[in-house]
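S.K.: fold the following.
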Amino acid sequence: MSARRVAPYGSWASHLSAERAVAAGIGLSDVAIDGPRLLWQESRPAEKGRQVLMCREPDGALRELNPAPFSARTRVHEYGGKAYAMHDGVLFFSADADQRLYRADPGRAPRPITPVAALRYADLCVDARRGLLWCVREDHRAGGEPLNLLVALDAADDEAGGRIVVQGPDFVAAPRLSPDGRQLAWLAWHHPDMPWDGCELWLADVDDQGLLHGARRIAGSRDEAVQQPQWSPDGRLHFISDRSGWWNLYRWLGDGAEPLCPMEAEFGQPFWNFGLSTYAFASARQLVCSVTRRAVSQLAVLDTDTLQLQWLGLPFSSIGSVAAAGGRVLFTAASPLQPVSVGLLHLGSGQLEILRRGSTLEAVPEDTSVPEAIEFPTAGGLTAHAFFYRPCNAGFEGPAGEKPPLLVMGHGGPTAMAGNAYRAAVQYWTSRGIAVLDVNYGGSSGFGRAYRQRLDSAWGVVDVQDCIRGALYLVARGDVDGARLIIRGGSAGGYTVLSALAFHDAFACGASLYGIGDLQTLAEDTHKFEARYLDRLVGPWPAAREVYIARSPLHHLDGLKRPLILLQGAEDKVVPPEQSRRMHAALKARGVPVAYLEFEGEQHGFRQQKNIVRALEAEAFFYARILGFTLADAVPPVAIDNL
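M.R.: The predicted structure is shown next:
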């Protein structure tokens with residue numbers, strides 16, 4: 001093996017160009033099983049983010065279910081989620097272009113079954129016996145805040161756009177029909193709660209005409225977040241609740257709920273997207289579940305008779321969507337050395353097949369930074385968590401006595417979780433000689449309800465403190481250069497970036513991707529799903545106006561003196577681009593080095609390959625100019641004002 005070249009950190013020549021990192025990857029999510037057919041959804045940056053429904057046929061052949069230009073995406077809650085359902089080979093899906101529901105019978109082209117109207121649909125549940133689709137409908141026809149309703153649709157054609165069966169709650173989700181078709185379960189929650197704060201589980205009887213009777217709340221409250229109602233094949237209702245402080249499994253007994261596997265672990269995740277599925281039934285007795293402890297997930301099987309949990313011992317540490325039937329388990333998963341893939345496990349034989357890989361890249365251990373899980377002390381005598389990635393490149397090492405720059409990453413949400421799965425976007429930095437710290441600050445999921453609630457009334461404080469404390473912990477350990485600390489994040493993570501730069505001086509520079517600069521504007525000008533989110537994270541608006549102003553970076557630009565790059569989608573409805581534009585103009589006027597890139601056709605989160613590549617390279621160029629190292633690869637320059 002040839003000796004490694006000595007070169008300054010940040011200037012290493014990497015095998016992973018931005019274009020290769022992005023082009024090699026597709027998103028994989030929302031698995032399902034329909035008899036012998038195995039289904040999942042793909043997000044393809046190379047096709048401008050088109051969402052493609054894939055089917056693996058019984059003979060092993062792969063085929064696309066929604067031909068181009070169809071993109072299967074629902075915009076309910078703006079974030080959407082699972083946009084399809086299939087029963088006996090008949091496909092139903094939401095088309096991104098017009099948000100109508102389409103039906104595709106075997107061998108036939110998709111045709112719309114809902115009217116041309118300002119209506120959106122999500123969370124489809126097929127009722128074959130009655131010829132209905134139970135689903136969530138978001139009605140924008142009246143203007144103002146949309147109505148979120150549970151409707152029953154004629155699965156053949158419904159010119160009315162559905163018959164309302166549940167209305168009143170601010171939000172509804174997850175209609176799930178019992179195997180005999182006689183009961184329907186669903187979720188409901190109300191402003192100002194988010195579904196991971198307080199969410200209810202409802203149950204009703206269903207008559208032959210599809211009318212609901214005797215609707216009653218059976219679990220959940222403002223202090224209990226219930227999710228994922230599912231029926232076992234033998235007709236028993238199951239759900240996940242955090243009433244114990246952890247999202248654990250429960251079974252409804254008719255007059256109460258029975259805990260199935262009490263653990264200080266998470267069997268669920270924050271309900272950001274429709275179709276969340278972290279457990280499924282391979283048989284009446286075999287409940288397959290994803291279990292997360294300290295942000296690491298494993299698959300296990302729970303025997304619903306003995307209540308014994310058996311770990312499956314699969315080579316993954318991050319589990320996404322799970323489906324099961326007939327002794328088979330379909331799931332998405334990844335590990336530090338394997339990008340996200342669709343896997344099929346045969347429980348009887350233990351045989352594991354990889355049906356689809358999310359990346360054409362092969363992770364080479366000597367060229368791949370495998371994260372170290374760290375815990376570090378933070379404010380109030382508490383402990384916070386993160387994953388630390390050291391610089392890693394088989395061809396290079398840093399000069400003696402030099403410490404690498406550190407890129408601190410704050411995830412979105414803010415109620416999300418940083419896992420340890422392989423991500424080309426992280427390896428892009430580590431292979432160039434830049435260390436990465438991916439922080440699970442207080443408020444993150446994966447550590448129980450109390451950890452999530454650390455952010456209550458403290459957004460912009462706790463998250464920022466934890467990012468700073470994590471970086472300084474590594475400086476004190478001697479792992480990184482304390483003079484070259486960078487912070488970057490998107491959406492809520494972008495707010496953490498702006499707050500860290502406006503109110504503290506720990507970081508040399510930062511990157512905000514569609515980040516929030518003005519909390520007041522966010523409270524007054526965001527979509528319904530998050531319209532009251534800040535009531536818990538900051539305080540009730542407008543009663544807590546002073547707190548909003550105190551924590552909004554745009555009101556405290558006198559403290560923001562460190563260089564900043566802003567990356568923004570022009571069509572963002574979650575964080576409108578006006579916030580980033582205002583931030584750019586103000587910093588430019590004050591003489592702070594600042595760069596601004598706005599991408600046409602992008603919404604909240606970039607989906608088009610060319611834009612993802614451009615954004616990544618723009619960040620690299622910006623950091624190199626600010627921190628004074630030279631990139632090994634040529635990237636298009638970025639205009640940096642005041643530099």
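S.K.: strands of the stretch 201-350 of the chain, residue ranges please.
M.R.: Listed in chain order, the strands of the stretch 201-350 of the chain (DSSP state E, counting those that start in this stretch) span residues 212-221, 226-231, 237-241, 248-252, 257-259, 279-281, 286-293, 296-303, 309-311, 318-325, 328-335, 338-346.
S.K.: got CSV for those, with mean neighbour count too?
M.R.: C-betas here are computed from N, CA, C, even on glycine. As requested, the strands of the stretch 201-350 of the chain are exported to CSV (neighbours: other Cβ atoms under 10 Å):
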stretch, mean neighbour count
strand 212-221, 15
strand 226-231, 23
strand 237-241, 23
strand 248-252, 22
strand 257-259, 15
strand 279-281, 22
strand 286-293, 22
strand 296-303, 20
strand 309-311, 12
strand 318-325, 23
strand 328-335, 23
strand 338-346, 21
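S.K.: name the helix or strand of the protein that has the lowest mean pLDDT.
M.R.: helix 18-23 (a mean of 82; mean pLDDT, DSSP states H and E).
S.K.: what's that helix in contact with?
M.R.: Taking Cβ atoms under 8 Å, 6 or more residues apart in numbering as the criterion, the residues outside helix 18-23 that touch it are 45-46, 361, 424-425, 427-428, 609, 612-613, 616-617, 620, 635.
S.K.: show me which pair in these is furthest apart.
M.R.: Considering Cβ to Cβ, no two members of the contacts of helix 18-23 lie farther apart than Ala46 and Ala620, which are separated by 21.0 Å.
S.K.: more neighbours, the two?
M.R.: A direct count of neighbours by other Cβ atoms under 10 Å for Ala46 and Ala620 places Ala620 higher, at 20 against 14.
S.K.: on that earlier part again, can you list the strands of the stretch 201-350 of the chain in CSV and add distance to Lys528 and mean pLDDT?
M.R.: As requested, the strands of the stretch 201-350 of the chain are exported to CSV (distance: least, Cβ to Cβ, whole Å; pLDDT from 0 to 100):
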stretch, distance to Lys528, mean pLDDT
strand 212-221, 20, 98
strand 226-231, 19, 98
strand 237-241, 24, 98
strand 248-252, 29, 98
strand 257-259, 30, 97
strand 279-281, 28, 98
strand 286-293, 29, 98
strand 296-303, 30, 98
strand 309-311, 38, 97
strand 318-325, 25, 97
strand 328-335, 29, 97
strand 338-346, 30, 96
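S.K.: among the ones you listed, which is nearest Arg73?
M.R.: Closest among the strands of the stretch 201-350 of the chain, using Cβ to Cβ: strand 318-325, at 15.8 Å.
S.K.: which pLDDT value belongs to Ala24?
M.R.: The predicted structure scores Ala24 at 64 on the pLDDT scale.
S.K.: can you pull the contacts of the spatially closest residue to Ile640 that is not a sequence neighbour?
M.R.: On the basis of Cβ to Cβ, 6 or more residues apart in numbering, the spatially nearest residue to Ile640 that is not a chain neighbour turns out to be Ala595, at 4.7 Å. Neighbour list for Ala595: Leu564, Ile565, Leu566, Ala618, Phe622, Val638, Ala639, Ile640, Asp641 [criterion: Cβ under 8 Å, 6+ apart].
S.K.: got a ChimeraX select line for the buried ones in these?
M.R.: Of those, the buried ones go into a single ChimeraX selection, burial set by 16 or more other Cβ atoms under 10 Å:
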select :564,565,566,618,622,638,640,641
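S.K.: tally of neighbours for Ile549?
M.R.: Other residues near Ile549 come to 14 when the count uses other Cβ under 10 Å.
S.K.: what about it, which SS state?
M.R.: Each residue gets one of three states, and Ile549 gets helix by DSSP: H, G, I helix; E, B strand; the rest coil.
S.K.: list the neighbouring strands of whichever helix or strand comes after the least confident helix or strand of the chain plus their orientation.
M.R.: Where DSSP states H and E defines the elements, the next helix or strand beyond helix 18-23 is strand 27-34. Taking DSSP bridges as the criterion, strand 27-34 forms sheet pairs with strand 37-44 (antiparallel).
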